[in-house]
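A.B. asks: From the sequence below, what's the structure:
(one chain, ligands or ions: 1)
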Amino acid sequence: MQPSSDTRPRRTFAVISHPDAGKSTLTEALALHAEMLSEAGAVHGKAGRRGTVSDWMEMERARGISISSAALQFAFRDHVVNLVDTPGHADFSEDTYRVLTAVDSAVMLVDAAKGLEPQTLKLFRVCAQRRIPVLTVVNKWDRPGLEPLALMDEIQQQIGLDPTPLTWPVGLAGDFRGVLDRRSGEFVRYTRTAGGATKAPEERMDPAAAAAREGDAWATAVEEHELLAADGAEHDQELFLAGATTPVLFASALLNFGVGRLLDTLLELAPAPGPTLDAQGSPRQPGDDFSAYVFKVQAGMDAAHRDRLAYARVCSGTFERGMVVRHAATGRPFATKYAQAVFGRERSSVDVAEPGDIIGLVNAAALRVGDTIYDGSPVEYPPIASFPPEHFASVRAADSGRHKQFRRGIEQLDQEGVVQVLRSELRGDQAPVLAAVGPMQFEVVVARMAAEYKCPVRLDHLDYTLARRVPADQAEALAGKRGVEVMRRSDGALLALFPDRWRVSSVQRELPDLRLEELGVDQ
Ligand code: G4P
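C.D. replies: This is a model prediction of the structure:
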């Protein structure tokens with residue numbers, strides 16, 4: 001049967017948060033609201049990520065939802081929503097950042113008691129650099145936390161976006177009664193359900209009824225809402241899309257309060273997939289011939305199954321299972337039939353994919369992070385950026401007799417974007433330095449070097465925590481400086497490695513003409 005296209009509008013987003021802010025709980029609550037699940041607890045993967053994935057597979061079979069470890073897809077009010085997973089716990093890595101190249105918007109999930117935390121800030125910066133509009137959800141309002149106005153100040157000061165709350169909490173953190181809908185002025189009252197396992201009933205009341213029912217809590221909410229209004233904290237779609245403001249919602253993912261509103265807001269405000277700029281800067285429109293780019297490659301860590309799964313975001317056209325597409329980097333055809341069939345054992349529901357959707361391609365040995373695949377008129381998207389590394393380790397073959405395998409493996413893992421590889425004459429070719437965003441990337445190198453290249457390696461962690469780009473004509477000036485090392489990345493960039501910020505400042509004071517450049521995204 002010829003698969004037909006599914007032209008329902010798409011919303012493709014990721015949740016950015018610090019561990020424990022409630023991302024898994026929110027994911028479950030979203031799926032519950034999309035009426036894909038009868039009980040949110042069914043996918044609670046407390047036992048760890050693997051548990052979540054296998055639970056999802058079960059869910060997929062039972063309810064026909066298309067899920068992979070990279071994206072959760074569900075239908076909501078005649079839209080298709082793709083929630084792209086940001087692996088972001090112990091396994092924080094470049095992949096965490098890269099998935100943000102595959103989304104059109106982000107939901108910044110903030111713990112009401114903790115405010116903005118380091119990992120959230122890091123991910124936010126990537127969104128800002130990529131001009132991804134950010135919605136904010138203040139979570140765990142059912143638990144004691146900060147004052148809501150103080151939280152707004154913190155957002156404004158720490159990330160520079162003007163918060164424009166769409167809802168405002170009625171009741172202090174820890175006494176979450178409902179929200180004031182700032183557009184209609186109504187009170188939306190929430191009612192707890194046992195364990196938050198089903199949708200929380202909502203009741204709308206006019207201000208007079210709310211005042212009579214909630215007394216001081218309502219009066220405080222109204223007062224604060226008026227303060228916000230006087231301050232001009234109102235939603236403006238253009239400013240939101242331009243990355244100047246962030247709409248804010250208050251929620252309790254655990255109790256399912258405010259979660260339906262988040263979905264409605266995503267449908268209403270978050271951008272639909274738009275044109276994608278190719279390597280020359282020309283836009284490829286969603287309605288053009290099929291194209292997609294690979295933002296994540298997962299190699300089977302299990303030595304017996306050396307399959308590689310490539311996750312690609314569809315940028316234009318319709319992907320149909322079985323289609324033969326072209327791999328832009330090599331010009332070779334790439335058959336998706338076999339690939340999808342293998343993967344398809346678990347996910348036969350994915351016959352077509354539209355712009356904004358995520359497809360998983362199995363046995364995609366030729367595909368690397370940043371690669372483009374297309375059909376019809378050729379296109380190549382720019383390579384995916386590398387991100388500022390914070391962890392460094394020198395690596396060498398455990399058995400020096402296996403130097404050839406060592407070189408080949410390290411080169412391959414570098415090209416795949418598993419880690420960045422830095423070299424210098426001083427360290428020689430047998431002991432390059434690996435640079436990573438998260439230490440888990442090193443574990444992947446160790447496992448894959450042993451399993452795939454039959455070359456066990458030894459790692460020595462280095463004390464550096466940051467890198468600065470240094471112009472080629474100035475690298476000499478750093479020679480012999482204590483605690484600083486200059487190395488060449490495989491793209492040719494010269495990076496100076498420092499143990500900490502203070503060392504950067506002291507070197508900068510000593511050498512005022514030295515032009516050290518911070519590594520942002522794309523550098
Ligand atoms: P993460 O994926 O961002 O790391 O967070 P996760 O959802 O695993 O949530 C971390 C903890 O915070 C969990 O508690 C979870 O139940 C709790 N939590 C999430 N959202 C809310 C909320 O809206 N209100 C309250 N009160 N708690 C919330 P835990 O004790 O670690 O696990 P569990 O034993 O409760 O499952």
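
A.B. asks: Do me a favour and get the end-to-end distance for stretch 279-293?
C.D. replies: In stretch 279-293, first residue to last residue: 12 Å (C-alpha to C-alpha, to the nearest Å).

A.B. asks: Enumerate the positions of that stretch that are buried.
C.D. replies: Across stretch 279-293, burial judged by 16 or more other C-beta atoms under 10 Å covers Arg284, Pro286, Asp288, Asp289, Phe290, Ser291, Ala292, Tyr293. For every residue, glycine as well, the C-beta is placed using N, CA and C.

A.B. asks: doesn't the second one fall inside a helix?
C.D. replies: No - when DSSP: H, G, I helix; E, B strand; the rest coil is applied, Pro286 is found to be coil, with no helix at that position.

A.B. asks: Buried ones in stretch 484-493, by neighbour count?
C.D. replies: Result for stretch 484-493 [16+ other C-beta under 10 Å]: buried residues Val484, Glu485, Val486, Met487, Arg488, Arg489, Ala493.

A.B. asks: Stretch 111-130 too?
C.D. replies: 111-112, 115-116, 119-120, 122-128, 130.

A.B. asks: Which two of those have the greatest separation?
C.D. replies: Using C-beta to C-beta, the two most remote members of these are Ala112 and Arg130, lying 27.0 Å apart.

A.B. asks: With respect to Gln280, which of the buried residues of stretch 484-493 is nearest?
C.D. replies: Ala493 (22.2 Å).

A.B. asks: And that closest one, how close does it get to Ala467?
C.D. replies: Distance, Ala493 to Ala467, by C-beta to C-beta, to the nearest Å: 9 Å.

A.B. asks: Ends of stretch 421-439, what's the gap?
C.D. replies: Stretch 421-439 has an end-to-end distance of 14 Å (criterion: C-alpha to C-alpha).

A.B. asks: Give me the buried positions along it.
C.D. replies: Under 16+ other C-beta under 10 Å, the buried positions of stretch 421-439 are 421-424, 431-439.

A.B. asks: Check the secondary structure at Ala385 for me.
C.D. replies: Classification of Ala385 by three-state DSSP places it in coil.

A.B. asks: Tell me, how many residues neighbour it?
C.D. replies: Neighbourhood size, Ala385 [other C-beta atoms under 10 Å]: 19.

A.B. asks: Closest one to Pro201 out of the buried residues of stretch 111-130, please.
C.D. replies: Minimum distance to Pro201 across those is 22.2 Å, recorded for Ala112 (C-beta to C-beta).

A.B. asks: and Ala233, how many neighbours does it have?
C.D. replies: When neighbours are counted by other C-beta under 10 Å, Ala233 registers 18.

A.B. asks: can you tell me the helix or strand for it?
C.D. replies: Element membership of Ala233, judged by DSSP states H and E, is empty: it is in no helix or strand.

A.B. asks: any idea what sits nearest it, other than its immediate chain neighbours?
C.D. replies: Distance criterion C-beta to C-beta, 6 or more residues apart in numbering; nearest residue to Ala233, sequence neighbours excluded, is Thr164 at 5.1 Å.

A.B. asks: Distance-wise, check the one you found relative to the ligand.
C.D. replies: 22 Å (C-beta to the nearest ligand atom, to the nearest Å).

A.B. asks: Report how many residues lie close to that residue.
C.D. replies: Thr164: 21 neighbours (other C-beta under 10 Å).

A.B. asks: Wait, a strand at it?
C.D. replies: Yes - under three-state DSSP, Thr164 sits within a strand.

A.B. asks: Residue numbers of the stretch 201-350 of the chain in contact with the ligand?
C.D. replies: Neighbours of the ligand within the stretch 201-350 of the chain, by C-beta under 6 Å from any ligand atom: Ser252, Ala253, Leu254.

A.B. asks: Local confidence estimate at Phe387?
C.D. replies: On the pLDDT scale, Phe387 is placed at 81.

A.B. asks: Run through the residues that contact the residue nearest to Ala233.
C.D. replies: Thr164 makes contacts with Ala233, Glu234, His235, Asp236, Phe240, Thr245, Thr246, Pro247, Val248, as judged by C-beta atoms under 8 Å, 6 or more residues apart in numbering.

A.B. asks: switch the cut-off to 6 Å
C.D. replies: Ala233, Glu234, His235, Thr245, Pro247 (C-beta atoms under 6 Å, 6 or more residues apart in numbering).

A.B. asks: How about Asp500?
C.D. replies: Thr465.

A.B. asks: measure it to the ligand for me?
C.D. replies: 28 Å.

A.B. asks: Where does the prediction get shaky in the stretch 1-150 of the chain?
C.D. replies: Applying pLDDT under 70 to the stretch 1-150 of the chain flags the ranges 1-5, 35-70, 87-91.

A.B. asks: residue ranges of the helices in it, please?
C.D. replies: 23-33, 49-63, 94-98, 118-129, 148-159 (DSSP state H, counting those that start in this stretch).

A.B. asks: quick one: the shortest one near the ligand?
C.D. replies: Looking back up the chat, that one is helix 94-98. No - Helix 94-98 stays clear of the ligand (C-beta under 6 Å from any ligand atom), getting no nearer than 12.7 Å.

A.B. asks: which secondary structure elements does that helix contact?
C.D. replies: Helices and strands touching helix 94-98, as assessed by 3 or more C-beta pairs under 6 Å, 6 or more residues apart in numbering; DSSP states H and E, comprise strand 291-299.

A.B. asks: For the strand it packs on, give me every contacting residue.
C.D. replies: Counting by C-beta under 6 Å, 6+ apart, 95, 98, 101-102, 284, 308-316, 367, 369, 371-374, 379, 381, 416 sit against strand 291-299.

A.B. asks: what about 7 Å?
C.D. replies: 70, 95, 98-99, 101-102, 284, 308-317, 319, 359, 367-374, 379, 381, 384, 416, 448 (C-beta atoms under 7 Å, 6 or more residues apart in numbering).

A.B. asks: With distance to Pro333 added, can I get the helices of the stretch 1-150 of the chain in TSV?
C.D. replies: Output for the helices of the stretch 1-150 of the chain, formatted as TSV (distance: least, C-beta to C-beta, whole Å):
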stretch	distance to Pro333
helix 23-33	36
helix 49-63	30
helix 94-98	26
helix 118-129	34
helix 148-159	45
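
A.B. asks: who's in contact with the spatially closest residue to Ile155 that is not a sequence neighbour?
C.D. replies: Sequence neighbours aside, Pro163 is the residue nearest to Ile155 in space, at 4.8 Å (criterion: C-beta to C-beta, 6+ apart). By C-beta under 7 Å, 6+ apart, Pro163 lies in contact with Thr136, Met152, Ile155, Gln156, Ala233, Thr246, Val248.
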